[in-house]
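> quick one: sequence plus predicted model below, questions after.
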Amino acid sequence: MAETYRVAKLPIRMRGFVDPDTNAQFEGYVEPGTYFVLEERSGPAGSDSDYARLEVPTLGALDTWICVRWRAQQYATLADQEKPAPAVRLPFSDEPMAVPEEKLVSLLGGVSEFRYDLDQAYYPWTLPGIRVPLGPPSFNNCCTFVEALTVRAFADVHGDSFAWDARRHRQMMIASSEDLFSPVTAAVESGMAILAPSPDVSPHPWTLIQGWRAPWRSGHTFLIVDHHPATDKVLVLESNCAHGLDGVGFRGIGNLRDKGLQPPAEWWKKPEVWTWRQLCATYLHRQQAWLKVKNRSWSRLSPTDP
């Protein structure tokens, strides 16, 4: 029998409370979306109401109570949902456009000293087909980091067989509201990646994610180097100014300039490392592209077995 977990589907923005009572302390708003349920309770005596405690990583306490029903009014739907199976780990060994993992890793030294600045972003090197501002100063943001690393790697390996231009660059920068997941589109259309079967499947090694905390604000572009199915932990590589980072590094672990260019041994056992479930609950709206990366060993997980 498939493993399931309880979820709450919120069609509207709702208020979150410290306790299962609308008279309790207000904690913050919970945006429309699907959330994991940690606990269910009836409301105070005589209130004819039901409450659920949700996992909400965007709130300071990481969880909150919402009123799912008051009398005949249903505010949210509770349901059992199957836990996604681990992604089939594709080797990409016969894929003409694949790049060896060591190429991506070898480039990280060129971005390891970069610090995060949303508005003042520079590149460590030139990219084919476009003009980009080169550092110093050594500042970047999430979009420029992912573009610099992936495009340089594929261009170095494939030369003229790999094409990049101003249109693809604008997609990586999400320059148009017509496609709010355009970094994923750019990675797929350029041949660097394949589109994941769905936004909710477990991530593949070297997955590019475009996520939004709410439609359509607080967006973030980042890479998942690997997923450890038994613990659900994900090794997130990103440029950020949160989660223990000021620049390029691993979420919950630290900056590359401080921790070095190798993931820690047994990174999936570290409590600060996020789970895929936490990421899904944070970036409620997301798409993923699986980069064509072969000869994988950097994460210390099996290249082919979940």
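The structure has been received and is ready for your questions.
> mind listing the strands for the stretch 51-200 of the chain?
63-70, 73-74, 77-82, 99-100, 115-116, 139-140, 193-195 (DSSP state E, counting those that start in this stretch).
> lowest-confidence stretch among the ones you listed?
Among these, strand 77-82 carries the lowest mean pLDDT, at a mean of 94.
> follow-up on the earlier one: including mean neighbour count and distance to residue 204, could the strands of the stretch 51-200 of the chain go into TSV?
C-betas here are computed from N, CA, C, even on glycine. Below are those laid out as TSV (neighbours: other C-beta atoms under 10 Å; distance: least, C-beta to C-beta, whole Å):
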stretch	mean neighbour count	distance to residue 204
strand 63-70	21	29
strand 73-74	10	37
strand 77-82	12	19
strand 99-100	20	15
strand 115-116	20	26
strand 139-140	22	25
strand 193-195	19	9
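> in JSON lines, list those along with distance to residue 171.
What follows is those, written out as JSON lines (distance: least, C-beta to C-beta, whole Å):
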{"stretch": "strand 63-70", "distance to residue 171": "35"}
{"stretch": "strand 73-74", "distance to residue 171": "40"}
{"stretch": "strand 77-82", "distance to residue 171": "32"}
{"stretch": "strand 99-100", "distance to residue 171": "20"}
{"stretch": "strand 115-116", "distance to residue 171": "22"}
{"stretch": "strand 139-140", "distance to residue 171": "18"}
{"stretch": "strand 193-195", "distance to residue 171": "13"}
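> quick one: closest of the ones you listed to residue 15.
Residue 15 sits nearest to strand 63-70 of all the strands of the stretch 51-200 of the chain, at 7.2 Å, using C-beta to C-beta.
> now the closest one against strand 77-82, angle please.
120 degrees (axes from the mean of the first three to the mean of the last three C-alpha atoms, to 10 degrees).
> got the buried residues for stretch 9-29?
Using 16 or more other C-beta atoms under 10 Å as the test for burial, stretch 9-29 gives 10, 14, 16, 17, 20, 21, 22, 27.
> for residue 157, find the nearest of the strands of the stretch 51-200 of the chain.
Of all the strands of the stretch 51-200 of the chain, strand 99-100 sits nearest to residue 157, with 4.6 Å by C-beta to C-beta.
> contact partners of the closest one?
Strand 99-100 has contacts (C-beta atoms under 8 Å, 6 or more residues apart in numbering) with 153, 154, 157, 158, 292, 293, 294, 295.
> then the longest helix along the chain to PDB, C-alphas only?
The longest helix of the chain (DSSP state H) is helix 142-158. Extracted as PDB, the C-alpha positions of helix 142-158 are listed here (Å, rounded to 0.1, in the frame of the first residue of the first chain):
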ATOM      1  CA  CYS A 142      19.600  33.600  -7.700                       C
ATOM      2  CA  CYS A 143      18.900  34.000 -11.500                       C
ATOM      3  CA  THR A 144      22.400  35.200 -12.500                       C
ATOM      4  CA  PHE A 145      24.100  32.400 -10.500                       C
ATOM      5  CA  VAL A 146      22.100  29.700 -12.100                       C
ATOM      6  CA  GLU A 147      22.500  31.100 -15.600                       C
ATOM      7  CA  ALA A 148      26.200  31.700 -15.200                       C
ATOM      8  CA  LEU A 149      26.900  28.100 -13.900                       C
ATOM      9  CA  THR A 150      24.700  26.100 -16.200                       C
ATOM     10  CA  VAL A 151      25.200  28.100 -19.500                       C
ATOM     11  CA  ARG A 152      29.000  28.200 -19.100                       C
ATOM     12  CA  ALA A 153      29.200  24.500 -18.400                       C
ATOM     13  CA  PHE A 154      27.100  23.500 -21.400                       C
ATOM     14  CA  ALA A 155      28.800  26.000 -23.700                       C
ATOM     15  CA  ASP A 156      32.300  24.800 -22.700                       C
ATOM     16  CA  VAL A 157      31.400  21.200 -23.300                       C
ATOM     17  CA  HIS A 158      29.400  21.500 -26.500                       C
END
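> let the chain start at 14 from now.
Will do, 14 is the new start, and the previous item becomes helix 155-171.
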